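**Q** Okay, here's the prediction I keep looking at, along with the sequence it came from:
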Amino acid sequence: MQNIDTLIKRLPKCELHIHIEGSLEPELMFALARRNNIRLPYESVDAVRRAYRFRNLQDFLDIYYQGMSVLITEQDFYDLAFTYLQRARADNVRHVEMFFDPQGHTARGVAFAAVVNGLSRAIADAGREFGVEASLIMCFLRHLDEADAEKTLDSALAFRDKIVGVGLDSSEAGNPPSKFKHVFARARDAGLFVTAHAGEEGPPSYVWEALDVLGVRRIDHGNRSLEDAALVGRLAREKMALTVCPLSNLRLRVVDDLRRHPLRRMMDKGLVVTVNSDDPAYFGGYVNDNYRAVFDALSLTREEIVAIVRNGFAASLMTAQANADALAEIERVLAESK
Ligand code: ADE
Ligand code: ZN
């Protein structure tokens, strides 16, 4: 029998909740700062890592927006995404649905085109060079107003072939999904896939709104759904996938101890859960680290790990054929691991 690390590594996987700006490792941050003549408020890579102590989501977001200020040119966005995709390949991730935050860049004077073209070119090269397939989901920053999101959607529609969906992220408390009702309706009308962060710090009512007002097809995080039995019933009945991010939840103190992470209870209640890294450069782990962490903390079985991996494919936007191929490969890995 293969040990659990080997099994996790060999299983082909999806990553459905990764903010590409959250994959910016301090080493690349310094390299880009040098290239763009930007002064960082840290003297070393170690000093950056020491600053990554967060009391909550907002603490993290303040540092995350500061970190992304080194991203200026199309090549910077290319380097960011290509570096992440290489790292994903090392974890045997085959399919990535990558969030990006254009308003975090356009507000600093970076052209929307530089962001999307850099990320897209990295995705094309990674697909050709090492077979990781990826697509882009553009997130609206929910601490900004809907008019700003509308302008951002206008920009995105000129790049419709390069973006598969829209999402909603940033400071959750006080910024309910219903604030973005009109812009999400317009995104849906344009044929874009829609998802939203909900129930990370915000209440169950935000998850209801994401479903009923925004018409989302996945929920990003969704932890606090467990506080509402009717909501849990709805999510289970509709097989609505939750993109859960265990190490993120630990580092942002959404949970105080991974042994009390809600993933186990979500599975027991029949929810479709997936495991993802969120912002791996900030939270100390890529996707395999997240699988390993919940395996240990929640005493999951190998079968439960495999079920979560399968959920990732089922919840993805992959074609039916690619999905069937991945499931067949999972079976081969399991046969070899006996
Ligand atoms: N942006 C990047 N990571 C995020 C998270 N975990 N929640 C909300 N917004 C984010
Ligand atoms: Zn997130």
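**A** In hand now; what should we look at? Ligands and ions are numbered 1, 2, ... in the order given.

**Q** Strands of the stretch 1-150 of the chain, start to end?
**A** Ranges of strands within the stretch 1-150 of the chain are 13-19, 93-100, 133-141, based on DSSP state E, counting those that start in this stretch.

**Q** Return the list of helices and strands in contact with the longest one.
**A** Judged by 3 or more CB pairs under 8 Å, 6 or more residues apart in numbering; DSSP states H and E, the packing partners of strand 133-141 are strand 93-100, helix 103-106, helix 112-130, helix 146-157, strand 165-169. C-beta: built from backbone N, CA, C; applies to glycine.

**Q** among the ones you listed, which is nearest ligand 1?
**A** For the helices and strands packed on strand 133-141, the distance to ligand 1 is smallest for strand 165-169, at 3.5 Å, taking CB to the nearest ligand atom.

**Q** Check which helices and strands that closest one is in contact with.
**A** If contacts are counted by 3+ CB pairs under 8 Å, 6+ apart, strand 165-169 sits against strand 93-100, strand 133-141, helix 181-189, strand 193-198.

**Q** May I have the strands that pair with the first one, each with its orientation?
**A** Strand 93-100 has the following sheet partners, assigned by DSSP bridges: strand 13-19 (parallel), strand 133-141 (parallel).

**Q** now swap in the shortest one and tell me
**A** Here the strand partners of strand 193-198, with direction, are listed using DSSP bridges: strand 165-169 (parallel), strand 218-221 (parallel).

**Q** ok, Pro41 - contacts?
**A** Applying CB atoms under 8 Å, 6 or more residues apart in numbering, one finds that Pro41 lies in contact with Gln66.

**Q** distance of it from Arg108?
**A** Per CB to CB, to the nearest Å, Pro41 is found 16 Å from Arg108.

**Q** again, but for Leu144
**A** 14 Å.

**Q** rewinding a little: turn the strands paired with strand 193-198 into TSV, columns for mean pLDDT, mean neighbour count and distance to Ala335.
**A** Formatted as TSV, the entries for the strands paired with strand 193-198 read as follows, by pLDDT from 0 to 100; neighbours: other CB atoms under 10 Å; distance: least, CB to CB, whole Å:
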stretch	mean pLDDT	mean neighbour count	distance to Ala335
strand 165-169	99	27	35
strand 218-221	98	27	30
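
**Q** Surely Leu136 and Arg121 touch.
**A** No: counting by CB atoms under 8 Å, Leu136 sits too far from Arg121 to count as a contact (11.7 Å).

**Q** Compare neighbour counts for these two and give me the winner.
**A** Shown here are Leu136 and Arg121; by other CB atoms under 10 Å, Leu136 has more neighbours (23 against 17).

**Q** list the contacts for the residue nearest to Tyr84 when sequence neighbours are not counted?
**A** Beyond its immediate neighbours in the sequence, the residue positioned closest to Tyr84 (CB to CB, 6 or more residues apart in numbering) is Ser23, lying 4.0 Å away. Applying CB under 8 Å, 6+ apart to Ser23 gives the contacts Leu80, Thr83, Tyr84, Arg87, Asp279, Pro280, Ala281.
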